[in-house]
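K.L.:
Build me a model:
(one chain, ligands or ions: 1)
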Amino acid sequence: MTSRFLRREVCPLCGSKSQQLLCDLGFDEAPLAAFLEGFYGGRLAPAELAGGRYRIARCAECSFIFQDRILDTAGMQRLYQDWVDQAGSLQKKRSAPAQRFRQYAGQVTTLMRLFDKPPQQTRVLDYGMGWGYWCRMVQAHGFEVRGYELSALRRDHAQRLGVPVVDKLEQADGKFDFIYANQVFEHLPDPRQALQELCRCLPADGIVYLRVPDGRDVVRRLRRHGWSPGLDAIHPLEHINCFTRATLIQLAASVGLRPYQPPLRLEWGNLCGGIRREITDRWFTTHLMFRR
Ligand SMILES: [Zn+2]
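P.N.:
So this is what the prediction gives:
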């Protein structure tokens with residue numbers, strides 16, 4: 001079965017038609033073919049991408065970097081259901097080091113400082129929750145949490161962990177005080193429309209957290225060395241949107257959201273690490289909170 005590709009003719013952020021092509025490779029060209037073979041194992045037969053091209057474009061208007069050829073809906077379903085290593089992904093979560101859970105707990109500590117009400121009255125949505133482990137941490141701190149996830153396999157797993165699931169966002173107008181979207185927006189064919197939809201689920205003082213891979217080096221590295229497997233921010237087929245801090249802020253601005261700086265989170269036990277984190281989070285990273 002051969003996958004079909006859709007063209008994104010205009011910039012997904014600003015709608016401009018003017019673009020510069022930074023990379024253009026056939027999926028059957030080495031080293032791309034070798035990378036896909038290794039990454040997706042035997043689950044993706046090369047013939048399935050026959051005739052497809054991996055193209056990285058940069059908008060001449062707003063500098064947003066994106067793949068201008070993406071799988072159609074059926075292809076995306078096959079990608080995330082059949083080609084990605086589901087068992088490996090779950091195993092990674094199951095055997096995550098304690099540091100990962102401490103990171104989640106740190107995020108919940110920040111969450112506890114955002115709203116002037118008890119956790120039981122604070123409604124949280126994990127948009128693209130995956131297997132549900134972050135939700136579980138939030139739940140353990142008393143919050144009212146729901147998870148949204150397209151993959152039935154991951155959704156079912158999260159439900160078995162005791163995470164309540166929301167099926168349709170359109171039924172959730174103004175319902176969530178805090179929306180968490182970790183490593184989601186780089187995957188979405190229309191990130192602007194998705195963020196607009198999330199905005200409808202936020203009350204006036206609601207906050208949304210977006211975390212995406214950092215694409216600040218992508219243009220320089222592509223120009224110097226061409227495409228290489230280490231360029232995770234433009235991972236073929238999957239990371240179809242590549243954000244820098246500036247373009248992430250621009251995406252949010254396009255739906256009326258502004259960056260929001262949460263209260264400082266510093267502890268005596270790890271003051272230096274905390275200061276370093278606060279400085280990078282406030283000025284340099286591609287994970288930010290936003291509100292209206
Ligand atoms: Zn643009």
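
K.L.:
what ranges do the helices span in the stretch 101-250 of the chain?
P.N.:
133-140, 152-160, 191-200, 218-225, 245-253 (DSSP state H, counting those that start in this stretch).

K.L.:
any idea of the mean pLDDT for the fourth one?
P.N.:
When pLDDT is averaged over helix 218-225, the result is 96.

K.L.:
Burial check on the closest residue to residue 176 other than its chain neighbours, number of neighbours?
P.N.:
Leaving out its chain neighbours, the residue that sits closest to residue 176 by Cβ to Cβ, 6 or more residues apart in numbering is residue 125, at 4.1 Å. All C-beta atoms are positioned from the backbone trio N, CA, C, and that covers glycine. Neighbour count of residue 125, defined by other Cβ atoms under 10 Å: 26.

K.L.:
what do you get for residue 271?
P.N.:
Around residue 271 there are 10 other residues, counting by other Cβ under 10 Å.

K.L.:
Name the SS class of it, please.
P.N.:
Secondary structure assignment for residue 271 (DSSP: H, G, I helix; E, B strand; the rest coil): helix.

K.L.:
and the gap between it and residue 130?
P.N.:
To residue 130, residue 271 is 32 Å away according to Cβ to Cβ, to the nearest Å.

K.L.:
likewise residue 85?
P.N.:
From residue 85 to residue 130 the distance is 13 Å (Cβ to Cβ).

K.L.:
Compare these two (neighbour count), which wins?
P.N.:
Using other Cβ under 10 Å as the criterion, residue 85 and residue 130 rank with residue 130 on top: 21 against 13.

K.L.:
Test for you: state the pLDDT assigned to the residue nearest to residue 176.
P.N.:
At residue 125, pLDDT is 97.

K.L.:
Verify the stated contact: it with residue 172.
P.N.:
Yes: counting by Cβ atoms under 8 Å, residue 172 is a contact partner of residue 125 at 7.5 Å.

K.L.:
Please identify every residue contacting each of the two.
P.N.:
Residues touching both residue 125 and residue 172 by Cβ atoms under 8 Å, 6 or more residues apart in numbering: 166, 201.

K.L.:
Could you point out which of the helices of the stretch 101-250 of the chain sits nearest the ion?
P.N.:
The ion lies closest to helix 245-253 among the helices of the stretch 101-250 of the chain, at 8.2 Å (Cβ to the ion).

K.L.:
Quick one: list the elements packing against the closest one.
P.N.:
Secondary-structure packing of helix 245-253 (3 or more Cβ pairs under 8 Å, 6 or more residues apart in numbering; DSSP states H and E): helix 191-200, strand 207-211, strand 258-260, strand 287-291.

K.L.:
Could you rerun that using 7 Å?
P.N.:
When contacts are defined as 3 or more Cβ pairs under 7 Å, 6 or more residues apart in numbering; DSSP states H and E, helix 245-253 packs onto helix 191-200.

K.L.:
next one: the helix it packs on to chain centre, how far?
P.N.:
13 Å (Cα atoms, centre = their mean, to the nearest Å).

K.L.:
That helix near the ion anywhere?
P.N.:
No: figure legend: helix 191-200 not in contact with the ion (Cβ under 5 Å from the ion); closest approach 10.5 Å.

K.L.:
any idea of the angle that helix forms with strand 287-291?
P.N.:
Going by axes from the mean of the first three to the mean of the last three Cα atoms, to 10 degrees, helix 191-200 is angled at 50 degrees with respect to strand 287-291.

K.L.:
mean confidence score for helix 191-200?
P.N.:
97.

K.L.:
for it, packing partners?
P.N.:
helix 245-253.
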